[in-house]
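Q: Got a sequence here, can you model it:
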Amino acid sequence: MSAESSVFTHKVQYYETDMMGIAHHANYLHWMEEARILFMDRIGFPYKRMEAEGVLSPVRSVTCNYEHSCTFGDEISVEVTVESFNGVILVISYRMTNQRGEQVCTARSEHVFINREGRFVRLKRDLPEFFDAITAVSASSPG
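A: Okay, here's the model as predicted:
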């Protein structure tokens, strides 16, 4: 993994396909989440640890642009990149390619950080290790 991105590989399962033999579009969101979880592990701050610290990270928005169909048995590489981080909103980009190198999907998710009471968390103050880890891999980090 480079400092800026992380790659997760997923093999399309039969149960993820529809009657046409194509992976259902909702599965891409699952693959994004799996890739994001692995990314968090790789930067040294797993989601489980963040939640143990009392911080939750709900998704604020998701967009997906589907370019090629995925079918049973395809190996999909999901590259995760921190597009931006302003200390409050984390924007992650995803680039999915198949084993032939074809880009099948580009996507983006935005995340915020709250405590168990639903209040926004000041990551720099309340979770400085996580703040530093994300800032270190972010294309545009807070000053």
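Q: Parallel or antiparallel, which strands does the longest strand seen in the chain pair with?
A: Criterion DSSP state E: the longest strand present in the chain is strand 75-85. For strand 75-85, the paired strands and their directions (DSSP bridges) are strand 5-11 (antiparallel), strand 90-97 (antiparallel).
Q: so of those strands, which one's packed in deepest?
A: strand 90-97 (a mean of 21; mean count of other C-beta atoms under 10 Å). In short, each C-beta sits where N, CA and C put it, glycine included.
Q: tell me which strands and helices the longest helix that the chain contains is in contact with?
A: Counting by DSSP state H, the longest helix found in the chain is helix 26-42. Helices and strands touching helix 26-42, by 3 or more C-beta pairs under 8 Å, 6 or more residues apart in numbering; DSSP states H and E, are strand 5-11, helix 47-52, strand 59-66, strand 75-85, strand 90-97, strand 103-111.
Q: Contacts made by the second one with the rest, please.
A: Helix 47-52 has contacts (C-beta atoms under 8 Å, 6 or more residues apart in numbering) with I37, M40, L56, S57, L127, F130.
Q: Mind telling me which residue is nearest the centre of the chain?
A: R36 (3.1 Å; C-alpha atoms, centre = their mean).
Q: Could I get the contacting residues of that one?
A: R36 sits next to V80, I92, S109 when contact means C-beta under 8 Å, 6+ apart.
Q: Show me which of those is closest to F72.
A: Using C-beta to C-beta, V80 is the member of these that lies nearest F72, at 23.9 Å.
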